[in-house]
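[1] Structure here, sequence nowhere to be found:
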């Protein structure tokens, strides 16, 4: 269970990427409002009695503070990079998209922008797996016409569709019934730190005891349903959609590459649905808070780096285990909890 030389180098590369993001972000992010200027504006209010004067100064302060909440092009590209490099690797893109911007002083980009970036990842999945999707789709259509319901392609496609229902259902429940509870209790740095470590333990158990004998051609409808139920855990930041589904696949006896490949295909309906819902809301009410140029830049960045991460992970898992991700998750979660305990970041 120790780290091999290749795994050690891979873990080191993740750390280097994180340091590069942090260094570049701090060097280039210069739009935050200076605290002294904000203090001057606030102090001036206390000496003015005219409501018109107070309104004018309040509007001025609001305009000056606006950049704190807006996402610029550099930030969008950087967040697209984070999304692309972490969406399909089992280390949780949602957790990194929340922790890294907060650590850089950019603030939480929010659920909507995160879901928009995921559309770039979906584009890369469709691009990378288009031959597989075409084969599965054509095979499933022929089987449906011929009523050959035991056909392998038909059962895989049906498994993907059925497996996507649980996360879509629970995602809608969170969005429309308990959004406040979700934001206040599940999208916190404390929860992310704890969940990151918990998911690492589960992945470690699956890696240690999983049979890893079944291939893609042996997938069944049951596999889609069970992996789909595991995918629901991804709604909690820190669990990781790919982490929870790959873990479930290993527990079900799939080999590492098959578990990852099926995980990516299973995520297409769920991530697409979430992204389109948030895109609709963003375009109708909140586009000004991001801007079209940063939005497009983030999408392109996410798509490019998602494609690269998919290709890298599938090749990596042919010869390597998941232990490098397990140790990374433990280090990531521990670092968050350590920083919280010392008061370096706020929960």
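    Ah, there it is. From a predicted model like this one, the values you see are computed outputs, not experimental measurements.

[2] Tell me how many other residues crowd residue 143.
    Number of residues near residue 143 (other C-beta atoms under 10 Å) recorded here: 19. The way it works is simple: take the backbone N, C-alpha and C, and place the C-beta from them, glycine included.

[3] my guess is it meets residue 153, correct?
    Yes - using C-beta atoms under 8 Å, residue 143 is in contact with residue 153, at 6.3 Å.

[4] who touches both of the two?
    Common contacts of residue 143 and residue 153, defined by C-beta atoms under 8 Å, 6 or more residues apart in numbering, are absent altogether.

[5] In terms of helices and strands, where is the residue lying closest to residue 228 once chain neighbours are set aside?
    Closest residue to residue 228 apart from its sequence neighbours, by C-beta to C-beta, 6 or more residues apart in numbering: residue 163 at 2.6 Å. Counting by DSSP states H and E, the element that carries residue 163 is helix 152-176.

[6] what's that helix in contact with?
    135-140, 143-144, 148-149, 182, 217, 219-229, 231-232, 234-235, 265-266, 268-270, 273-274, 277.

[7] run the last query once more with 7 Å
    Outside helix 152-176, the residues that touch it by C-beta atoms under 7 Å, 6 or more residues apart in numbering are 135-137, 139-140, 143-144, 148, 182, 217, 219-221, 223-225, 227-229, 231-232, 234-235, 265-266, 269-270, 273-274.

[8] gap between the two ends of stretch 308-324?
    18 Å (C-alpha to C-alpha, to the nearest Å).

[9] List the buried residues of that stretch.
    Buried residues in stretch 308-324, defined by neighbour count with 16 or more other C-beta atoms under 10 Å: 309, 310, 313, 314, 316, 317, 320, 321, 322, 323, 324.

[10] Show me which pair in these is furthest apart.
    310 and 323 (20.2 Å; C-beta to C-beta).

[11] For this structure, which residues score under the pLDDT cut-off?
    Along the chain, the model assigns pLDDT under 70 to residues 1-69, 282-289.

[12] Any idea which residue is closest to the centre of it?
    By C-alpha atoms, centre = their mean, the chain has its centre lying nearest to residue 93, at 2.8 Å.
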